[in-house]
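K.L.:
pasting the sequence and the predicted coordinates here, then a few questions.
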Amino acid sequence: MIRLNQDTPAEILNEVKIGDLVTDTFSKTGLVESINIKADPLYKIFEFNLVTGRVITVRI
């Protein structure tokens, strides 16, 4: 299981793939269904959509 939060290194976030089991350390846990990566001038934003319908968002 991969723990996703603001302390997770960018290398780990980039390696997460569809089907991986992930958690946000609180209440969101599940398999990754899709991944969206956005970039703005200050942050790179990772959105991990889970098969449960929940979304884990990490800004680095």
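P.N.:
Looks like it came in fine.
K.L.:
once you drop chain neighbours, what's closest to the most centrally placed residue in the chain?
P.N.:
Closest to where the C-alpha atoms of the chain average out (CA atoms, centre = their mean) is residue 48, at 4.0 Å. Closest residue in space to residue 48, ignoring its immediate chain neighbours: residue 56 at 4.5 Å, by CB to CB, 6 or more residues apart in numbering. (C-beta placed from N, C-alpha, C; glycine too.)
K.L.:
and the gap between that neighbour and residue 12?
P.N.:
13 Å (CB to CB, to the nearest Å).
K.L.:
compare neighbour counts for these two and give me the winner.
P.N.:
residue 56 (21 against 11; other CB atoms under 10 Å).
K.L.:
about what we covered before: ok, the residue nearest to residue 48 - contacts?
P.N.:
4, 22, 24, 28, 47, 48, 50 (CB atoms under 8 Å, 6 or more residues apart in numbering).
K.L.:
please identify the buried residues of the host helix or strand of it?
P.N.:
In the assignment (DSSP states H and E), residue 56 maps to strand 55-59. Residues of strand 55-59 classed as buried: 56, 58 (neighbour count, 16 or more other CB atoms under 10 Å).
K.L.:
what's the pLDDT at the most far-flung residue of the chain relative to its centre?
P.N.:
In the chain, residue 41 marks the outermost C-alpha relative to the chain mean, sitting 19.6 Å out by CA atoms, centre = their mean. Looking at residue 41, its pLDDT is 93.
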